[in-house]
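K.L.:
Can you look at this prediction? I've put the sequence above it.
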Amino acid sequence: MTATIEEHAGRLTGKGNPLTTLGPVLGEGDAAPAFTLAANDLSPKTLADYAGKVKVLSVVPSLDTPVCDTQTRKFNELATGLGEQVVVLTISVDLPMAQKRWCGAAGVERVECLSDYKDHAFGYDYGLRIKENGLLARTLLVLDADNVIRHLQVVPEIVDEPDYDAAVLAIQMRRNSAQVLRAAPWPPRPLRRSRARPRSPAPLVGGGSRCQRPARARLRRSGRGGQGAALRTCALLRRIWIAK
């Protein structure tokens with residue numbers, strides 16, 4: 001019994017004509033489905049092969065079309081400044097040999113081209129296979145190091161270019177997060193306790209709290225208060241006694 005495949009009519013257009021995508025509609029925060037695609041030498045490439053890296057999936061209908069050509073060349077330029085922890089994958093249904101020929105002619109070396117020609121499982125699992133022509137919908141996905149979708153844009157009109165700036169922003173955020181996680185020690189180091197002993201408060205003259213000392217000193221200097229009055233009286237009696 002064949003499983004029913006979801007259809008989403010009018011999800012995008014091709015030169016103004018409504019197109020239908022096959023498969024589920026994924027969203028940001030979803031786990032990216034596992035995939036097996038063909039490299040230029042026909043060897044299998046899986047999502048697990050890029051474990052621990054931020055992954056940019058640049059999905060195009062065909063490299064032999066002007067917009068797909070521009071999109072892939074653009075990411076080849078952008079990949080220069082993205083760092084080693086980011087990998088850019090261009091995915092289409094072009095034959096692996098055709099992808100290899102195109103990359104050689106275009107001088108593309110920083111983008112890895114993978115093909116979904118064999119069983120079209122990637123297109124179905126990611127909900128990007130177009131029913132009317134069998135191609136893949138133009139899409140940008142950014143997956144974090146844990147294969148969670150952090151950015152997803154299915155371009156509404158297939159002949160338009162994607163939003164590169166939004167994708168680059170998502171890439172930078174994921175890349176910075178990965179750098180922080182790698183730099184942070186695990187398990188966390190225990191906090192060091194200071195060896196300095198706390199100072200004990202100085203003894204107070206006359207008792208009472210420290211905040212009372214200035215007030216008492218002022219009273220003694222001004223002669224106010226009971227103790228000041230007694231001292232003043234003694235001094236007066238001493239002067240009288242001496243005068244006699």
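P.N.:
Great, that's in hand.
K.L.:
Flag the helix or strand of the chain with the lowest per-element mean pLDDT.
P.N.:
Least confident element among the helices and strands of the chain, by mean pLDDT, DSSP states H and E: helix 213-222 (a mean of 48).
K.L.:
where's the residue nearest to L63 when sequence neighbours are not counted, which helix or strand?
P.N.:
With C-beta to C-beta, 6 or more residues apart in numbering as the measure, W102 is the residue that lies nearest to L63, at 4.5 Å, once sequence neighbours are left out. Placement of C-beta: from N, CA and C, glycine included. Assigning secondary structure by DSSP states H and E places W102 in helix 96-106.
K.L.:
repeat for T4
P.N.:
In this structure, T4 is located outside every helix and strand according to DSSP H and E.
K.L.:
What separation do you get for it and L143?
P.N.:
Counting by C-beta to C-beta, to the nearest Å, the gap from T4 to L143 is 27 Å.
K.L.:
in its sheet, what does the one helix or strand L140 maps to sit against?
P.N.:
In the assignment (DSSP H and E), L140 maps to strand 139-143. For strand 139-143, the paired strands and their directions (DSSP bridges) read strand 54-59 (antiparallel), strand 149-154 (antiparallel).
K.L.:
What's the first helix or strand after the first one?
P.N.:
Think strand 54-59. Towards the C-terminus, the helix or strand next in line after strand 54-59, according to DSSP H and E, is helix 66-78.
K.L.:
Quick one: low-confidence residue ranges for this structure.
P.N.:
The model of the chain has pLDDT under 70 over residues 1-2, 177-244.
K.L.:
For it, just list every one of the strands.
P.N.:
Read by DSSP state E, the chain holds these strands, from start to end of the chain: 7-14, 17-22, 36-38, 44-46, 54-59, 86-92, 112-115, 129-130, 139-143, 149-154.
K.L.:
Of all the residues in the longest one, which ones are buried?
P.N.:
Right, strand 7-14. Judged by neighbour count (16 or more other C-beta atoms under 10 Å), strand 7-14 contains these buried residues: H8, R11, L12, G14.
K.L.:
List the buried residues for stretch 161-176?
P.N.:
By neighbour count, and taking 16+ other C-beta under 10 Å as the criterion, the buried residues in stretch 161-176 are P162, A167, V168, A170, I171, Q172, R174, R175.
K.L.:
repeat for stretch 43-51
P.N.:
So, applying 16+ other C-beta under 10 Å, buried residues of stretch 43-51: K45, L47, Y50.
K.L.:
Distance to V86 for these - can I get that in JSON lines?
P.N.:
Output for these, formatted as JSON lines (distance: C-beta to C-beta, whole Å):
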{"residue": "K45", "distance to V86": "17"}
{"residue": "L47", "distance to V86": "15"}
{"residue": "Y50", "distance to V86": "10"}
